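Novice: coordinates only, sequence not included:
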Ligand SMILES: N[C@@H](CCC[C@H](N)C(=O)O)C(=O)O
């Protein structure tokens, strides 16, 4: 009997045989990346999930398709706002669901465009990228990328302003439900403060925490512990773990780190710093609150982006 070692016939990946891909990560948040400049690769939710499967596929927290903005429905609005936003980040979670935004992903996306020779970008230069959460401007730096993530918002503004929390979160490893604050960074996040490192490390995030009330489109849940001291030389430091919507626990979440900085600064009150170092299991990212060109406060996310491998499916 011949064993068909390259046969994907029974897999959702069958129609993608021959597809070139790269694998990359930002602080351990890892992605399969596919270049599809002319919008010819139609990846279904099942195929995205199969590609991201760590046992039967390539394995990743998400799938990123690099497509020209003019070839996606969202691109019309993107290009109307900025005709130079040529590239669109089509992002899917590991379960195949679509997400509005990925902060680590958008840095890795630009590293991938550079890797593929699809753009040129010198340190100090900025590239506008279309996403489902609008245009994100990504600056190349000597040691990685910094992204203008735009303004943040409370998801339940009335409760957030009035109280320390707007919802309650229970998770495996927590003795009682904890108050939490829900923040939108284009995608939804719910942030829970814990008292000490032991509480953070004892969490078991194999199952999704439960959030009540849950934001309308579900949520990513971040658990955060302040460093001791919280602020040194004007920069705050915290440690976080995350359970991502559509994925599970990941090594890092860029939009989650931004949401954590928003919540911790809110809880810390007047005098809290505008610059934060957010430690994650896969490394650390920087978050800064900066004035945006539109007059609103914007969140800037900075960190590394690495392309680790290239391959062909099948
Ligand atoms: N890891 C990402 C966020 C990816 C999307 C998220 N799971 C969602 O569904 O909103 C990041 O770095 O921001």
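Specialist: Alright, I've got the coordinates. Being a predicted model, the structure only gives us computed values, none of them experimental. Numbering: from 1, shown residues only.

Novice: next one: stretch 259-272 to chain centre, how far?
Specialist: Here stretch 259-272 shows a centroid-to-chain-centroid distance of 20 Å under the convention CA atoms, centre = their mean, to the nearest Å.

Novice: er, stretch 169-186 actually
Specialist: 18 Å.

Novice: One more: stretch 84-91?
Specialist: 15 Å.

Novice: Could you check it and say which residues are buried?
Specialist: Within stretch 84-91, the residues that qualify as buried by neighbour count (16 or more other CB atoms under 10 Å) are 85, 86, 87, 88, 89, 90, 91. Quick note: C-beta positions are derived from backbone N, CA and C, even for glycine.

Novice: Using TSV, lay out those residues together with secondary structure.
Specialist: Written out in TSV, the entries for those read as follows (DSSP: H, G, I helix; E, B strand; the rest coil):
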residue	secondary structure
85	coil
86	coil
87	strand
88	strand
89	strand
90	strand
91	strand
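
Novice: Which two of those residues have the greatest separation?
Specialist: The largest distance within those, taken as CB to CB, falls between 86 and 91 and amounts to 17.1 Å.

Novice: Show me what from this protein comes close to the ligand.
Specialist: 29, 62, 93, 99, 102-105, 187, 220, 244-247, 250, 253-256 (CB under 6 Å from any ligand atom).

Novice: Now which of those residues would you call buried?
Specialist: The neighbour-count test (16+ other CB under 10 Å) marks 29, 62, 93, 99, 102-105, 187, 220, 244-247, 250, 253-256 as buried among the residues of the chain next to the ligand.

Novice: Can you tell me the closest non-neighbouring residue to residue 156?
Specialist: Nearest residue to residue 156, sequence neighbours excluded (CB to CB, 6 or more residues apart in numbering): residue 166, at 4.0 Å.

Novice: In this structure the one you found contacts residue 191, no?
Specialist: No. With contacts counted by CB atoms under 8 Å, residue 166 stays clear of residue 191, the gap being 10.3 Å.

Novice: out of these two, which sits in the more crowded spot?
Specialist: Set side by side, residue 166 and residue 191 give different neighbour counts by other CB atoms under 10 Å, the larger being at residue 191 (27 against 22).

Novice: in what helix or strand does the more buried one lie?
Specialist: Under the criterion of DSSP states H and E, residue 191 resides in strand 188-193.

Novice: so how far is the following helix or strand past that strand off the chain centroid?
Specialist: Remark: after strand 188-193, the chain's next helix or strand is helix 197-202, criterion DSSP H and E. Taking the mean of its C-alpha atoms, helix 197-202 sits 23 Å from the chain's own mean (CA atoms, centre = their mean).

Novice: Then stretch 148-166?
Specialist: Its chain's C-alpha centre and that of stretch 148-166 lie 19 Å apart, by CA atoms, centre = their mean.

Novice: can you check stretch 156-171 too?
Specialist: 22 Å.

Novice: buried residues in that stretch?
Specialist: Per 16+ other CB under 10 Å, stretch 156-171 contains these buried residues: 156, 159, 160, 165, 166, 167, 168, 169, 171.

Novice: Great, nothing more from me.
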